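Asks: model this:
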Amino acid sequence: MSRCSFSLESLPCSHACLSTSLLAYCLKFHSRGLTICGHNCLLTAEWMSASKIVCRVGQAKNDKGDIIVTTKSGGKGTSTVSFKLLKPEKIGILDQSAVWVDEMNYYDMRTDRNKGIPPLSLRPANPLGIDIEKSKFPQKDLEMLFHGMSADFTSENFSAAWYLIENHSTTSFEQLKMAVANLKRQASKKSEGSLACVKGGLSTFFEAQDALSAIHQKLEADGTEKVGGSMTQKLESVLNRASNTADTLFQEVLGRKDKADSTRNALNVLQRFKFLFNLPLNIERNIQKGDYDVVINDYEKAKSLFGKTEVQVFKKYYAQVETRIEALRELLLAKLLETPSTLHDQKRYIRYLSDLHAPGDPAWQCIGAQHRWILQLMHSCKEGYVKDLKGNPGLHSPMLDAESDGRPSALAHLTQTASLKRGSSFQSGRDDTWRYRTPHRVAFVEKLTKLVLSQLPNFWKLWISYVNGSLFSETAEKSGQIERSKNVRQRQSDFKKMIQEVMHSLVKLIRGALLPLSIREGEARQYGGWDVKAELSGQWLAHVIQTVRLTYESLTALEIPNDMLQIIQDVILDLRVRCVTVTLQHTAQEVKRLAEKEDWIVDNEGLTSLPCQFEQCIAHSLQSLNDVLECKPGEASVFQQPKTQEEVCQLSINIMQVFIYCLEQLSTKPDADIDTTHLSVDVSSPDLFGSIHEDFSLTSEQRLLIVLSNCCYLERRTFLNIAERFEKHDFQGVEKITQVSMASLKELDQRLFENYIELKADPIVGSLEPGIYAGYFDWKDCLPPTGVRNYLKEALVNIIAVHAEVFAISKELVPRVLSRVVEAVSEELSRLMQCVSSFSKNGALQARLEICALRDTVAIYLTSESRSSFKQALEALPQLSSGADKKFLEELLNKFKSSMHLQLTCFQAASAATVKT
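Replies: From the prediction side, this is the model:
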């Protein structure tokens with residue numbers, strides 16, 4: 001960039017009427033552009049006078065050009081003056097310069113390999129001393145032409161031809177001759193060296209030294225000869241004589257003046273310092289009135305005036321002032337250390353003591369006293385609640401809540417406790433007059449956290465004020481700033497220990513009340529001692545967790561470091577884990593009591609309300625854990641520890657198995673213990689045999705069927721819904737819970753099913769053999785068959801009775817039950833047929849008729865096992881010899897089916913299709 005200064009008089013405007021001064025005015029107020037060599041310089045233009053403008057020219061494209069001024073109205077000036085843009089030349093390392101030059105710009109960066117650059121690498125920018133004109137030859141062509149060479153003249157592979165082509169391709173031969181002469185001159189200068197410069201001026205230095213020495217000797221000789229000794233000694237004697245003469249002349253006058261001044265000063269002092277004589281009495285009066293500011297101001301004034309006095313009277317009265325000020329310091333320190341005290345009063349007393357320059361560090365003493373007071377309050381709070389619990393155990397605890405064994409059902413007041421707030425009470429839905437009060441331990445935690453939140457903020461603010469010096473007055477701050485900064489650095493670790501002690505005491509007191517097993521035995525007496533065996537309910541633990549969480553948020557708002565509050569997060573996590581386990585344990589107890597609520601009322605699907613009650617019980621328990629399982633900012637997951645995962649998984653499995661055990665107990669409960677006065681069945685189910693009426697009592701077989709129906713529904717719906725709820729609440733090991741629960745449920749289902757089949761199939765199977773051989777029937781000697789005998793009809797009627805009983809309870813169980821009954825009957829029938837040694841023709845025809853009649857009747861309930869049994873039974877019979885026998889057999893079968901059409905309706909395919917699963 002170049003600085004350009006030009007005259008407007010040399011710039012003729014295109015408008016003939018525009019004068020030079022007017023053009024300058026236009027540039028000052030109406031200019032639109034100032035162009036030099038095609039570069040707009042309006043931003044750097046500075047109007048100096050009517051005929052002079054100074055501007056700075058940037059990097060222009062052309063070295064030569066015109067200076068054009070353009071006005072806002074569009075008038076464009078012309079110039080006959082040509083401006084040449086001169087680029088600033090760089091000053092080489094070896095060039096002489098009157099200013100400092102940054103030599104780092106001339107280092108050869110290509111040879112810099114993270115080490116110091118040797119002097120040989122320093123070179124002038126233009127070693128030939130002529131203008132450098134860069135060539136337009138491509139760099140790649142030059143590298144191919146001079147392979148392995150370099151244009152850098154400091155390189156070992158320097159190529160002069162490459163350097164000349166690159167930098168002086170258009171230079172004339174005469175200029176190259178001049179360049180050779182420049183190189184020779186530079187070489188001769190280097191040979192002379194810097195020593196030649198020193199040799200040329202050495203004589204001048206010696207001449208100056210000799211002249212200075214001669215002047216010094218001449219001065220010493222002249223002074224000693226003319227004065228007669230040392231000049232300073234002579235001057236001293238003259239001054240002493242003059243002083244003695246003056247004392248003799250004015251001694252009497254000065255003495256009288258001193259006496260008069262002394263008398264005058266004494267009178268002035270008596271009048272002027274009446275303030276000091278009255279100060280001790282004024283201090284006492286102001287202290288009694290509490291005007292400590294007035295006392296401090298008077299003391300500061302007296303101290304500045306008489307603090308270092310040597311007058312005995314002043315010393316006497318000032319000593320009385322100091323005595324009273326010392327008493328005031330003691331009084332203020334006592335007031336400062338009093339507890340409780342407000343932060344405002346503490347700051348005020350500390351400032352007073354600071355102004356009075358009290359010894360020690362009153363502010364730190366106040367911090368220590370406040371710390372001890374907070375700890376004392378926390379432990380006193382605990383002792384008070386423990387004493388109250390032992391004296392009146394029912395004062396704060398609910399009448400039948402978690403503190404006693406007679407805890408009311410959690411389901412009864414779950415909705416009330418879900419919205420429980422701090423210090424509020426709730427009612428059970430069963431009785432409006434049943435009121436619950438906060439348990440002692442919960443009330444203690446609320447009181448403890450409230451106490452900490454009321455004291456700790458002021459304690460923390462007191463420390464912040466101590467650190468930033470706002471506790472002290474401006475005078476004390478300036479005088480003791482250095483010493484106080486040292487104290488702050490020393491006290492930081494001590495205060496951190498105080499905060500940690502408060503936090504540890506808070507957490508240990510909470511653990512002693514709610515998690516007594518988590519504290520050491522040596523601390524049990526100090527932080528525990530509640531002696532309460534009953535466990536708090538999950539709802540109360542959730543309430544405590546919310547209280548501690550709010551405490552943590554309030555402490556975080558004070559900007560207390562997180563490392564000091566980590567132990568609160570730890571106790572919150574332990575409380576959350578404990579709440580989950582206690583809730584699951586209580587849920588298991590609630591589930592166990594569900595058996596007492598079984599009403600045996602069957603709906604259209606063959607179910608009672610028990611599976612729904614079980615699912616609702618778990619749903620309500622998990623819903624009560626929503627806030628507990630939710631991770632607040634900075635909190636870890638309840639299930640992060642493998643031990644917790646395993647414990648929660650086992651408790652969940654226990655809940656499921658407890659319910660399965662309840663089902664088993666209900667299925668085997670004696671008849672006398674069953675209340676069936678409210679028994680109901682589906683009104684759409686036909687009462688086929690009129691066996692169900694108002695005074696009907698529930699049989700053990702019907703209970704088995706109802707439990708079996710519930711088991712099927714649990715396996716198909718309820719357990720899967722519960723697994724989804726567990727997954728929704730981030731429970732771990734849900735797959736294991738489901739597998740174990742399903743396995744136990746299937747085992748119970750199979751066992752109950754086998755019991756029912758045994759109760760129903762055994763009598764039917766047992767009646768077959770006596771019925772076959774009734775009346776001394778013999779397969780070898782029997783009459784021609786006339787139809788199906790009564791024993792088979794009786795067996796079918798019994799199967800129909802089973803069908804009716806099952807159908808009345810659950811349509812879905814009909815195929816499963818009848819299939820097993822048919823299997824048992826077919827197996828027994830096959831055995832009996834195989835035991836016959838031989839059949840007569842009539843006997844074989846009779847046996848085939850009965851086997852086919854039974855098989856065709858229960859065809860829709862046949863299984864592979866029952867088909868195999870019927871096949872074996874038929875194979876044991878002789879084959880029919882003629883078509884007449886087959887026709888006769890078919891006629892008898894049709895006659896049987898026609899005669900028992902009404903009874904066999906339940907075995908028809910249309911009926912079976914409605915109940916097939």
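
Asks: wait, what's in contact with Gln640?
Replies: The contact partners of Gln640, taken as CB atoms under 8 Å, 6 or more residues apart in numbering, number zero. The C-beta positions use only the backbone N, C-alpha and C, and glycine is treated the same way.

Asks: ok, now with 10 Å
Replies: Listed by CB atoms under 10 Å, 6 or more residues apart in numbering, the contact set of Gln640 reads Leu573, Val577, Cys631, Gln732.

Asks: Among those, which ones are in helices?
Replies: Leu573, Val577 (DSSP state H).

Asks: With pLDDT, distance to Pro457 and neighbour count added, can I get the contacts of Gln640 in a markdown table?
Replies: Conversion of those to a markdown table gives the following (pLDDT from 0 to 100; distance: CB to CB, whole Å; neighbours: other CB atoms under 10 Å):
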| residue | pLDDT | distance to Pro457 | neighbour count |
| --- | --- | --- | --- |
| Leu573 | 89 | 25 | 19 |
| Val577 | 88 | 30 | 20 |
| Cys631 | 86 | 26 | 13 |
| Gln732 | 85 | 39 | 20 |
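
Asks: ok, so of the contacts of Gln640, who is nearest Ala187?
Replies: Cys631 (82.7 Å; CB to CB).

Asks: For the closest one, give me its contacts.
Replies: Leu573, Arg576, Ser637, Val638, Gln640, Asp730.

Asks: can we see that at 8 Å?
Replies: Ser637.

Asks: before we move on, what about Ala588?
Replies: Neighbours of Ala588 in contact, by CB under 8 Å, 6+ apart: Leu651, Asn654, Ile655, Val658.

Asks: Looking at the residues you listed, which are in helices?
Replies: Filtering the contacts of Ala588 for helices - DSSP H - leaves Leu651, Asn654, Ile655, Val658.

Asks: ok, back up a step: which among the contacts of Gln640 gets closest to Glu143?
Replies: Cys631 (66.2 Å).

Asks: and stretch 547-563, which residues are buried?
Replies: Thr547, Val548, Arg549, Thr551, Tyr552, Leu555, Ile560 (16 or more other CB atoms under 10 Å).

Asks: Quick one: neighbours of Glu220, just the number.
Replies: Glu220 sits with 10 neighbouring residues when counted by other CB atoms under 10 Å.

Asks: Which secondary structure element is home to it?
Replies: helix 195-227 (DSSP states H and E).

Asks: C-terminal to that helix, what's the next element?
Replies: helix 231-272.

Asks: Next secondary structure after that following helix?
Replies: Heading C-terminal from helix 231-272 (DSSP H and E), you reach helix 274-289.

Asks: looking only at pLDDT, what's the mean for that next one?
Replies: When pLDDT is averaged along helix 274-289, the result is 81.

Asks: Check which helices and strands that helix is in contact with.
Replies: The contact analysis (3 or more CB pairs under 8 Å, 6 or more residues apart in numbering; DSSP states H and E) places helix 274-289 against helix 292-306, helix 312-337.

Asks: Show residues contacting that helix.
Replies: With CB under 8 Å, 6+ apart, helix 274-289 has contacts from 292, 294-295, 298-299, 301-302, 305-306, 314, 317-318, 320-321, 324-325, 328, 331.

Asks: That helix to helix 312-337, inter-axis angle?
Replies: Counting by axes from the mean of the first three to the mean of the last three CA atoms, to 10 degrees, helix 274-289 lies at 20 degrees to helix 312-337.

Asks: Show me which positions of helix 274-289 end up buried.
Replies: Leu276, Leu279, Pro280, Asn282, Ile283, Asn286, Ile287.

Asks: roughly how far out does the top strand by length along the chain sit from the chain middle?
Replies: The single longest strand within the chain, with elements called by DSSP state E, is strand 64-71. Taking CA atoms, centre = their mean, to the nearest Å, the mean C-alpha location of strand 64-71 is offset from the chain mean by 67 Å.

Asks: and that strand, average pLDDT?
Replies: For strand 64-71, mean pLDDT rounds to 79.

Asks: now for the next helix-or-strand element following that strand, which elements pack on it?
Replies: Tracing the chain past strand 64-71, the next element assigned as helix or strand by DSSP H and E is strand 82-84. In terms of contact count using 3+ CB pairs under 8 Å, 6+ apart, strand 82-84 is assigned the packing partners strand 64-71.

Asks: Name the helix or strand for the nearest residue to Glu828 once chain neighbours are set aside, please.
Replies: Ranked by CB to CB, 6 or more residues apart in numbering and with sequence neighbours excluded, the top spatial neighbour of Glu828 is Val765, at 4.5 Å. Assessed by DSSP H and E, Val765 sits inside helix 734-772.

Asks: buried ones in that helix?
Replies: Neighbour-count burial for helix 734-772 [16+ other CB under 10 Å]: 734, 737-738, 740-742, 744-745, 748-749, 752-753, 755-757, 760-761, 764-765, 767-768, 771-772.

Asks: before we move on, the earlier item: can you put the helices and strands packed on helix 274-289 in TSV and add mean pLDDT?
Replies: Shown next, in TSV, are the helices and strands packed on helix 274-289 (pLDDT from 0 to 100):
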stretch	mean pLDDT
helix 292-306	83
helix 312-337	84
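
Asks: would TSV of those with distance to Glu446 be doable?
Replies: Shown next, in TSV, are these (distance: least, CB to CB, whole Å):
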stretch	distance to Glu446
helix 292-306	40
helix 312-337	29
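
Asks: export these to TSV and tack on distance to Thr449 and mean neighbour count?
Replies: Conversion of these to TSV gives the following (distance: least, CB to CB, whole Å; neighbours: other CB atoms under 10 Å):
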stretch	distance to Thr449	mean neighbour count
helix 292-306	37	17
helix 312-337	26	16
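
Asks: picking up where we left off before, tell me what the helix holding Val765 is packed against?
Replies: helix 642-667, helix 700-713, helix 719-728, helix 790-809, helix 814-835.

Asks: Many thanks, we can stop here.
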